[in-house]
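Engineer: structural data only, the sequence is not supplied:
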């Protein structure tokens with residue numbers, strides 16, 4: 001069921017997601033990967049989505065780009081980006097929106113970039129498709145983009161193939177591709193995961209600088225709380241396909257209300273006493289093919305009570321929302 005329409009978009013709101021549900025279907029089973037999430041993102045804001053692997057972060061991002069195979073995916077609820085109803089537009093219209101309105105930086109640029117074409121050819125192709133310019137003009141734009149993302153010796157890199165670049169330069173080239181048509185919304189799916197620590201910092205600083213200069217909104221998926229603290233305006237915590245906590249970066253990271261968020265913060269090395277064991281969250285994430293009847297986090301939560309195991313919690317709070325029967329004070 002589609003609950004959104006282009007008219008529902010508010011002028012200051014770039015992204016609106018309402019009760020989004022994504023289910024993967026096969027002959028034998030159903031996997032409930034995203035289970036009813038809601039959020040708004042204003043123009044120029046950065047939202048970090050954090051959570052363990054398998055919590056539905058990347059699935060949600062790909063749904064916003066409508067990249068899931070339609071024959072095996074059931075998507076319910078509403079998604080609007082810059083006034084466009086992502087569920088309602090045709091595939092041809094969606095191809096135009098990808099790149100010009102919403103663009104994505106994938107986790108591993110070596111699999112996202114085509115090994116048979118040079119970096120310049122891949123950037124220029126995107127520009128030509130969306131802007132209808134000549135090849136020479138597209139290559140000129142490609143050079144400008146490599147300069148924008150601070151690739152050293154950009155003229156030479158235009159003719160380089162992906163395997164000839166380091167991981168950090170490949171990621172910068174991937175960012176250049178994503179920015180080639182000036183999107184309003186940039187989706188970054190753990191873009192620093194495969195990079196070493198020093199290069200990660202460089203890429204994060206670059207993304208934050210570009211976001212401010214270009215005025216983009218960004219949804220940044222990460223499992224690194226330090227990354228969220230550095231670049232986010234808002235933080236959304238995902239668990240078992242649900243947003244269990246959502247609010248400003250200061251509210252969520254300094255005053256967490258969900259036991260899962262507090263558990264993640266306690267399991268990080270930063271600011272922990274030397275010699276003191278990390279407060280790891282016990283157990284493992286639930287099987288998305290058979291979610292428990294109550295709160296999905298209840299089997300791992302030290303504060304769980306009978307109600308938590310029998311009834312799924314609703315959302316409470318205004319700007320700082322939490323999905324928990326017994327939230328932290």
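Structural biologist: Perfect, thanks for sending it. Values in this document were obtained by computation on a predicted structure and should not be read as measured data. Numbering: from 1, shown residues only.

Engineer: per-residue confidence for the closest residue in space to residue 302 that isn't next to it in sequence?
Structural biologist: Excluding its sequence neighbours, the residue lying closest to residue 302 (CB to CB, 6 or more residues apart in numbering) is residue 259, at 7.3 Å. Where C-beta positions appear, they are placed from N, C-alpha and C, glycine not excepted. Here, the pLDDT recorded for residue 259 equals 96.

Engineer: surely residue 259 meets residue 297?
Structural biologist: Yes. Assessed by CB atoms under 8 Å, residue 259 is found in contact with residue 297 at 6.9 Å.

Engineer: buried residues in stretch 118-132, which are they?
Structural biologist: Buried residues in stretch 118-132, defined by neighbour count with 16 or more other CB atoms under 10 Å: 118-130.

Engineer: JSON lines for those, including pLDDT and distance to residue 46?
Structural biologist: Below are these laid out as JSON lines (pLDDT from 0 to 100; distance: CB to CB, whole Å):
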{"residue": "118", "pLDDT": "95", "distance to residue 46": "31"}
{"residue": "119", "pLDDT": "94", "distance to residue 46": "26"}
{"residue": "120", "pLDDT": "95", "distance to residue 46": "29"}
{"residue": "121", "pLDDT": "94", "distance to residue 46": "31"}
{"residue": "122", "pLDDT": "93", "distance to residue 46": "26"}
{"residue": "123", "pLDDT": "93", "distance to residue 46": "24"}
{"residue": "124", "pLDDT": "94", "distance to residue 46": "28"}
{"residue": "125", "pLDDT": "91", "distance to residue 46": "28"}
{"residue": "126", "pLDDT": "89", "distance to residue 46": "23"}
{"residue": "127", "pLDDT": "91", "distance to residue 46": "25"}
{"residue": "128", "pLDDT": "89", "distance to residue 46": "30"}
{"residue": "129", "pLDDT": "86", "distance to residue 46": "27"}
{"residue": "130", "pLDDT": "85", "distance to residue 46": "24"}
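
Engineer: from those, pick the one nearest residue 197.
Structural biologist: Of all these, residue 119 has the smallest distance to residue 197: 24.6 Å, by CB to CB.

Engineer: doesn't residue 203 lie inside a strand?
Structural biologist: No. Secondary structure of residue 203 (DSSP: H, G, I helix; E, B strand; the rest coil): helix, not part of a strand.

Engineer: confidence score at it?
Structural biologist: For residue 203, the predicted pLDDT is 83.

Engineer: surely it touches residue 188?
Structural biologist: No. Shown here, residue 203 and residue 188 do not form a contact pair, counting by CB under 8 Å, at 9.4 Å.

Engineer: what about those two, which has more around it?
Structural biologist: Neighbours per residue (other CB atoms under 10 Å) separate residue 203 from residue 188, with residue 188 holding more: 28 against 21.

Engineer: doesn't the more buried one lie inside a helix?
Structural biologist: No. Counting by three-state DSSP, residue 188 is not found in a helix; it is strand.

Engineer: would you check that it makes contact with residue 217?
Structural biologist: No. Counting by CB under 8 Å, residue 188 does not reach residue 217; the two are 11.3 Å apart.

Engineer: could I get the buried residues of stretch 118-132 as CSV with distance to residue 322?
Structural biologist: Below are these laid out as CSV (distance: CB to CB, whole Å):
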residue, distance to residue 322
118, 48
119, 44
120, 48
121, 48
122, 43
123, 42
124, 47
125, 45
126, 40
127, 43
128, 47
129, 43
130, 40
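
Engineer: and of these, the nearest to residue 184?
Structural biologist: Lowest distance from residue 184 to the buried residues of stretch 118-132 (CB to CB) belongs to residue 130, with 13.3 Å.
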